[in-house]
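Undergrad: Prediction below, plus the sequence it came from.
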Amino acid sequence: MSEYAIRVDGLGKSYALGGKVERYRTLRDSLVDMVSWPARMLKGDLRRDAERIWALKDISFDVRQGQVLGVIGRNGAGKSTLLKILSRVTDPSAGYAEINGRVGSLLEVGTGFHPELSGRENIYLNGAVLGMKRREIGAKFDEIVEFSGVSKFIDTAVKHYSSGMYLRLAFSVAAHLEPEILVVDEVLAVGDAEFQRKCLGKMGEVAEAGRTVLFVSHNMSAILRLTEESIVLDKGQLVYRAPTSQAVDYYMATGLSQTGERAWAAEEVPADAAPFRPIAMRVKDTAGRVAETVQSPQPVDIEIEYELSQPIQGLRLGIYLQTMRGEVVFTSFDTDDPKDYEKYATRPAGHYLSRVTIPADTLNEGQYVLGLNASAFRVRRYFQDERALAFIVDALGAPGMQWPEPRQGLVRPKLDWTIEHDGAARA
Amino acid sequence: MDKPLTPPAQSSQRVLIKPQRGLVGLDFKELFRFRELIVFLTWRDILVRYKQTLLGGAWAILQPVLQMLIFNVLFGDIAGLSSGGVPRPLFTYAGLLPWNLFSTSMSDAGRSLVTNRNMITKVYFPRIIVPLSSVLSGVVDFLVAFLLLAGMMVYYGVMPTSGVWGLPLYLLLSLVTALGVGLWLAALNVHYRDIRYIIPFLTQFWMLATPIAYEASEVFSRLPAGWEWLYALNPMVGVVEGFRSALVGTPIYSLDMLWISILTSLVLLLSGLVYFRRMERTFADVV
């Protein structure tokens, strides 16, 4: 066995600009290109190389046999591209990667599932797609069904499954793969809490069995729990490698580069957000200044600026206040009040500001992350950025500051205590 | 790349991932390792084909029978063409079977990469397995329809000729051609969805250019002497003529022409493989 399970050297992946957006071309486009090619060449306008963007550039790292490595990065930092290259779904444009061992990828569960086939048939099919032998699947069949908890419906076509059942079955097959190297991407974002616990447990088992795991997730607490070392990707480059707790801190401190205000450039907003268009999200202190540090005993204003190019029915803007580790402290929507809900049943096109105040004496000291959501309940989610903006709460002047000790808990309310002294000791 | 590579590992698999350039051959060893996936995907295509249909597998027989009835009216009753000395239903049906094997396999393979895009963008396996299993799954329909042909031969009292040993050859030739064209179409379809619209026309045109309801000699004899090979360039001419002649003993125009069919078919397969392998790298990015 080689000491390394994965060695990556100078790995890069580039796309022709726009190639990801237009997805596929028609024959006509190509013919037009072909015909206009000589003309463009004469004009020195062959921007073929200039027009490439690097989704991943010059990545080098290695993973020892049996190591569980976390991969951290914002959306679009290149995590998925990296995993796709390592699981050989797509070819790199530069550099190389050396892989020692059978790779099992959980890039997305349920790959190869066919809605018309029964759960049983899909287990075999999915297993084969994921690289299992028929014998292996047969030997583990009962275990897979047991783990998924859908044994009653195993001979029903999966198109009749609820989405939860479907995911559980799909994950079960994937979880029973026994690859030497396991590549996991965001699977834990699906399913209910109980199932997520099951999945994390399974991943822990895999790691304990001495197999190599590459784990990508937005869930910092899962990363912290399951991995000892992590790499941080930013804009397609590897910017940091350290023990996970340090890497998470680094990511928190620098990965969210904009604190106090998060502004969205037009090209950052996915096309399917229209007619909603986020402009900015700000944290303001009592003086009305955009601030990255606010004080616990003072109210904090949060402001969301956005535009609607068309009226939207039932639109609600919400914030998720989370800790750095991803635990949600609370969720709140701008039409939570039934009166506002009726008044803004349809929001006409135009420019908007939604403001909310977090009352004084609410949050404990620490770093917090604000997520933004714009949706119409059960109709459509227009836009979501789970980690839009980070800010710091300072405990200066908060209750109990006479004792210089960190206080447990996410909230730090100012509570009215009464102390009664009603006479001498009775004992 | 200043760090030297570690010596080859003793692990079960060692893979070097790097940009692929130029021509790449087919990795038969790897294909063999994935043999079970080929079986499973073929099995899935067969299972799924007639799901949620009222008549189910009966379509495998019903389709060629209906085609046969239409062809008999068009080419027999209206055009009055010869049916090579055997009963017309037998003549047409025996011609339709290898043709349908070819056309379903080809068009399924041509669409296969796009229909299976969720697998292609998420898991690695030799991509050629997808069109390959589409082609293979067509064989089952063929076998079902073949039962009826056997029944018809008994009914009409027609015995297979001594050339019946050639049947597997003709079937293989038809599958090879289907795979060759299918590979081209599948790879093109990933980049140009125009193919989706071209496939039905291609199939229709090709069918008329194949001696299914008429004898190949009708065309050969109309070509200027020395130019007969032009018609034999269509590999399905050799397949359909050969298949029918081996079973029901219709005359065959010229066995030499078969070599031309075999040659075109191999050229199609090889060029299809080369093109497919060349385009394969970008499938997951584009599909």
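TA: Received it, and whenever you're ready, just let me know what you need.
Undergrad: wait, B:Lys18 sits on A:Gly95?
TA: Yes. Taking contacts as CB atoms under 8 Å, B:Lys18 lies within contact range of A:Gly95: 7.2 Å. No exception for glycine: its C-beta is placed from N, CA and C like everyone else's.
Undergrad: which one of those two has more residues nearby?
TA: A:Gly95 (21 against 16; other CB atoms under 10 Å in any protein chain shown).
Undergrad: give me every residue that touches B:Thr250.
TA: By CB atoms under 8 Å, 6 or more residues apart in numbering or on different chains, B:Thr250 lies in contact with B:Gly84, B:Gly85, B:Val86, B:Phe91, B:Ala94, B:Glu215, B:Glu241, B:Arg244.
Undergrad: any idea which helix or strand carries it?
TA: For B:Thr250, there is no host helix or strand (DSSP states H and E).
Undergrad: Quick check: phi and psi on it?
TA: Main-chain dihedrals, B:Thr250, degrees, to the nearest 10: phi -70, psi 150.
Undergrad: So what sits opposite whichever residue of the stretch 201-350 of chain A sits closest to chain B in the bridge?
TA: Across the stretch 201-350 of chain A, the shortest distance to chain B (CB to the nearest CB) belongs to A:Thr212, at 10.7 Å. With DSSP bridges as the criterion, A:Thr212 is bridged to A:Ile181.
Undergrad: Quick check: the gap between it and B:Val135.
TA: According to CB to CB, to the nearest Å, A:Thr212 and B:Val135 sit 37 Å apart.
Undergrad: Also B:Val154?
TA: Distance from B:Val154 to B:Val135, by CB to CB: 30 Å.
Undergrad: A:Gln237 too?
TA: Counting by CB to CB - A:Gln237 and B:Val135 are separated by 44 Å.
Undergrad: neighbour-wise, which of those two wins?
TA: B:Val135 (27 against 16).
Undergrad: Please see if the host helix or strand of the more buried one touches chain A.
TA: Applying DSSP H and E as the criterion places B:Val135 in helix B:129-156. No. Helix B:129-156 lies apart from chain A when judged by CB under 8 Å from any CB of the partner chain; the minimum separation is 9.9 Å.
Undergrad: Distance from the chain centre to that helix, please.
TA: When C-alpha coordinates are averaged (CA atoms, centre = their mean, to the nearest Å), helix B:129-156 and its chain have centres 12 Å apart.
Undergrad: so what does it touch, helix or strand wise?
TA: helix B:35-49, helix B:59-71, helix B:88-115, helix B:167-191, helix B:235-248 (3 or more CB pairs under 8 Å, 6 or more residues apart in numbering or on different chains; DSSP states H and E).
Undergrad: Turn those helices into JSON lines, columns for mean pLDDT.
TA: Shown next, in JSON lines, are these (pLDDT from 0 to 100):
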{"stretch": "helix B:35-49", "mean pLDDT": "89"}
{"stretch": "helix B:59-71", "mean pLDDT": "90"}
{"stretch": "helix B:88-115", "mean pLDDT": "94"}
{"stretch": "helix B:167-191", "mean pLDDT": "94"}
{"stretch": "helix B:235-248", "mean pLDDT": "91"}
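Undergrad: and these, which is most packed in?
TA: Most buried of the helices and strands packed on helix B:129-156 by mean neighbour count (mean count of other CB atoms under 10 Å in any protein chain shown) is helix B:235-248; its value is a mean of 26.
Undergrad: Now do it and helix B:88-115, the angle between them.
TA: 140 degrees (axes from the mean of the first three to the mean of the last three CA atoms, to 10 degrees).
Undergrad: Counting neighbours, show which residues of the helix or strand hosting A:Val173 come out buried.
TA: Per DSSP H and E: A:Val173 is located in helix A:163-175. Buried residues in helix A:163-175, counting neighbours by 16 or more other CB atoms under 10 Å in any protein chain shown, are found at A:Met165, A:Tyr166, A:Leu167, A:Arg168, A:Leu169, A:Ala170, A:Phe171, A:Ser172, A:Val173, A:Ala174, A:Ala175.
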